[in-house]
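*Asks:* build me a model from this:
(2 chains)
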Amino acid sequence: MSSSLEKNMLILRSSDGEEFIVPEVVAVMSKAIKNMVEDECASNTIPVPNVDANILAMVIEFCKKHDESEAEAASDLKTFDSEFVNRGQEALYDLITAANFRDVKELLDALCQNVAEMIKGKSVHHIRIQFLGYQLFEILTSNFIWNIWCDRDFD
Amino acid sequence: MSSSGQRRRRQSRRRRLKNTVTISSAENVIGDDDLLRQILIRLPAKPLITFKLVSKRWCSLISDPFVLDNWIPPISASSFFLLRYFSPSCRIIKFNHISHAGFVNKNNKLESFKYVDDRVKISQSCKGLLLCSTCFSDLYPNSTRYYVVNPTTKEFTTIPRPTNGYDRYFIDSINLAFDPAVSLGYKIVAVLSKQWPDHNCQIGVYSSETRIWMFSDASYACSGKITFHNGVFFNGKIHWSCCHSPASIYYDLNRNQFSALPMPICLSIVPMYFGEFGGRLRLMEFYQNLTSHFHVLELKSDYSEWFVKYRIDLKMGVSAFPEMRRMCDAGWSTAFVFNVLCFLGGEVEGDLCLILYIPCKVISYNFKDRSFRKICNLELSREDIGNLRGFSSYTVHPCMETIFHV
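*Replies:* Below is the predicted model of the structure:
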């Protein structure tokens, strides 16, 4: 399969089996893939576990844009970044996980900036509910017990 | 390759899991210490301090040295303190704290630094930290106390007086030198002289790391009257403006020496604005109120000459704010009534504004779309306006929200 490809192309396979043909310069924006290429353990297809096709396509789109527009004005890239990261919650956090796992620094920076923008106006209560859902039970129960404790009759 | 049956099963499972996935992917990200740190360093100072209350883990991560060292500080000022006039018998010195959006503290329009001392005034502001001093220093110079304050975290520290053996020195100038891009420690630079003013002076440098003053002799050459109270620190240098002379001075901290700073013209009175924004020195001459336009001058980065950076035309604001214009001489001429307060925002962010005071209002002029907008209603007394005209660097102190320790 690799023989039919041009020399500087790589194939990335997502966790659900879809394959993407990507120029090597774009793929190595991920440090994890770069290391694999340098160690020559990436002769044909590179598996990208934990990242599904949908998210992988987005990551590739981001890397392509950043690779093409190196010479372009920084402000253009900035507007692209802010539009790119402006997605639904689910895709945003999946993208962060993917960017962190594949070590794509520019993408991770842009995404974390976006999360910071999103949460900076939120209340502490909102943050607790949004991000610490698994602790909610704990917080509720401890408050409940605390209320009982406070309302106790000490006679 | 997977059969169609397997794929269908997988898709239906994914659909079933979708709701739980939404929560857990956000939780996974926030649950990862490294990723949460990456998000925290990008938060502005105020929410970052508030979010210490989210949980024990968030609190410890926010207090983490990594977050403090890598936190991305704002580039430009977002608010300013305006000192209100006080009579010598006054016990409490009050300020208005105003941002783009109006008063910062909505309930309490007049603020004071109660947590430090009721009677402190701001001597200087630098990248979100304030150098404050207790008042009435002119009467009892030896009793002045100095503080470095972070108004966002309400942290403060007392700075010992710069005394080198004996106390008969005058403090010509005391300046805060802080640049988080270089170091998270600050320095305070005092210019001391035996008789005031003296070209042979002593330079005292106080470092937040050692907490002691170090003194050295220095001298400068300037024939004019240096406005020593308004030192402007950036790029490792403290700059002063000067009247009655074509050249002023700046002090280079790293080389420990004074050098000549060209002035755009030989000023006869203290300029309307002398300060830094966007890493460049800017100056606005004092204009007679009869002109409707004025210039913002910028010093080239090689300190060779000044050029006109912006031209501001007040006529465009008159339609929105007719109180800016006042007829005089029985309608023969018009005068513009305004005071320059400061610059907020930045060129990089595209929200650079000049903040002006016109009767009973604080307004902003946006350089990008050349629009005038009202910020808040504010009534200043005649004395306040007098202070703004003569000593705007005493009165107005731009500020930004930071988490830096003092």
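*Asks:* confidence score at residue 74?
*Replies:* All of this is about chain A. We have a pLDDT of 69 for A:A74.
*Asks:* could you do chain B instead?
*Replies:* With respect to pLDDT, B:P74 has a value of 90.
*Asks:* got phi/psi on A:H66?
*Replies:* phi -70, psi -30 (degrees, to the nearest 10).
*Asks:* with adjacent residues omitted, what lies nearest to it?
*Replies:* A:E106 (5.7 Å; Cβ to Cβ, 6 or more residues apart in numbering or on different chains). C-betas here are computed from N, CA, C, even on glycine.
*Asks:* that neighbour: which element?
*Replies:* In this assignment (DSSP states H and E), A:E106 forms part of helix A:105-119.
*Asks:* state the mean pLDDT of that helix.
*Replies:* Regarding helix A:105-119, the rounded mean pLDDT is 88.
*Asks:* before we move on, what about stretch B:108-121?
*Replies:* Averaging pLDDT along stretch B:108-121 yields 86.
*Asks:* give me the contact list for that stretch.
*Replies:* Residues from elsewhere that reach stretch B:108-121 (Cβ atoms under 8 Å, 6 or more residues apart in numbering or on different chains): B:83-84, B:91-97, B:103, B:105, B:132-136, B:145, B:147, B:149, B:151, B:154, B:156, B:394.
*Asks:* against B:S183, how distant is the nearest residue to B:P359 once chain neighbours are set aside?
*Replies:* Nearest residue to B:P359 in three dimensions, chain neighbours excluded: B:E323, at 5.1 Å (Cβ to Cβ, 6+ apart). Note on B:E323: its distance to B:S183, by Cβ to Cβ, to the nearest Å, is 46 Å.
*Asks:* now do B:F233
*Replies:* Distance from B:F233 to B:S183, by Cβ to Cβ: 13 Å.
*Asks:* between those two, who's got more neighbours?
*Replies:* Shown here are B:F233 and B:S183; by other Cβ atoms under 10 Å in any protein chain shown, B:F233 has more neighbours (24 against 13).
*Asks:* tell me which element that one falls in.
*Replies:* strand B:232-234.
*Asks:* after that strand, next one along is what?
*Replies:* strand B:237-239.
*Asks:* counting contacts, what elements does the next helix-or-strand element following that following strand pack onto?
*Replies:* Sequence-wise, the next helix or strand downstream of strand B:237-239 (DSSP H and E) is strand B:242-243. If you count contacts as 3 or more Cβ pairs under 8 Å, 6 or more residues apart in numbering or on different chains; DSSP states H and E, strand B:242-243 packs onto strand B:225-226.
*Asks:* the domain parsing of the chain - what is it?
*Replies:* Reading this off chain A. Chain A breaks down into these domains under automatic domain parsing: A:2-119, A:122-150.
*Asks:* actually, chain B is the one I wanted.
*Replies:* B:4-70, B:79-399.
*Asks:* tell me which of those domains is the most buried.
*Replies:* Among the domains of chain B, domain B:79-399 has the highest mean neighbour count (mean count of other Cβ atoms under 10 Å in any protein chain shown), at a mean of 17.
*Asks:* any idea how far that one is from the chain center?
*Replies:* Relative to the centre of its chain, domain B:79-399 is centred 8 Å away, using Cα atoms, centre = their mean, to the nearest Å.
*Asks:* that one: end-to-end distance?
*Replies:* 5 Å (Cα to Cα, to the nearest Å).
*Asks:* go on, stretch B:326-335?
*Replies:* In stretch B:326-335, first residue to last residue: 5 Å (Cα to Cα).
*Asks:* any idea of the mean pLDDT in that stretch?
*Replies:* For stretch B:326-335, mean pLDDT is 65.
*Asks:* do stretch B:44-53 as well
*Replies:* Mean per-residue pLDDT for stretch B:44-53: 91.
*Asks:* can you classify the residue nearest the centre of chain A by secondary structure?
*Replies:* Closest to where the C-alpha atoms of chain A average out (Cα atoms, centre = their mean) is A:I96, at 1.9 Å. Of the three states, A:I96 takes helix under DSSP: H, G, I helix; E, B strand; the rest coil.
*Asks:* tell me the pLDDT of it.
*Replies:* Note on A:I96: pLDDT of 88.
*Asks:* isn't it right next to B:L36, touching?
*Replies:* No: in this structure, A:I96 is not within contact of B:L36 by Cβ atoms under 8 Å, at 10.6 Å.
*Asks:* now do the shared contacts for those two.
*Replies:* B:V29.
*Asks:* which stretches of the chain have low pLDDT?
*Replies:* Went with chain A since none was named. When residues are selected by pLDDT under 70, those of chain A lie in A:1-7, A:40-44, A:69-74, A:133-155.
*Asks:* wrong chain, I was asking about chain B
*Replies:* Counting by pLDDT under 70, the low-confidence segments of chain B come to B:1-24, B:135-142, B:165-168, B:196-197, B:287-290, B:327-333.
*Asks:* A:N50 is in contact with A:S15, correct?
*Replies:* Yes: in this structure, A:S15 is within contact of A:N50 by Cβ under 8 Å, at 5.9 Å.
*Asks:* pick the most buried one from the domains of chain A.
*Replies:* Using mean count of other Cβ under 10 Å, domain A:2-119 ranks as the most buried of the domains of chain A, with a mean of 16.
*Asks:* now distance to A:N114 too, for the domains of chain B, in CSV please.
*Replies:* Listed next are these as CSV, based on distance: least, Cβ to Cβ, whole Å:
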stretch, distance to A:N114
domain B:4-70, 9
domain B:79-399, 16
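*Asks:* between those domains, which one is closest to A:T45.
*Replies:* Nearest of the domains of chain B to A:T45, taken as Cβ to Cβ: domain B:4-70 at 19.4 Å.
*Asks:* any idea what sits nearest B:P180, other than its immediate chain neighbours?
*Replies:* Nearest residue to B:P180, sequence neighbours excluded (Cβ to Cβ, 6+ apart): B:P73, at 5.1 Å.
*Asks:* which element is that neighbour on?
*Replies:* Using DSSP H and E, B:P73 sits within no helix or strand.
*Asks:* from chain A, how far out is it?
*Replies:* Distance of B:P73 to chain A, given as Cβ to the nearest Cβ, to the nearest Å: 14 Å.
*Asks:* tally up the residues packed near that residue, please.
*Replies:* Residues lying near B:P73 (other Cβ under 10 Å) number 16.
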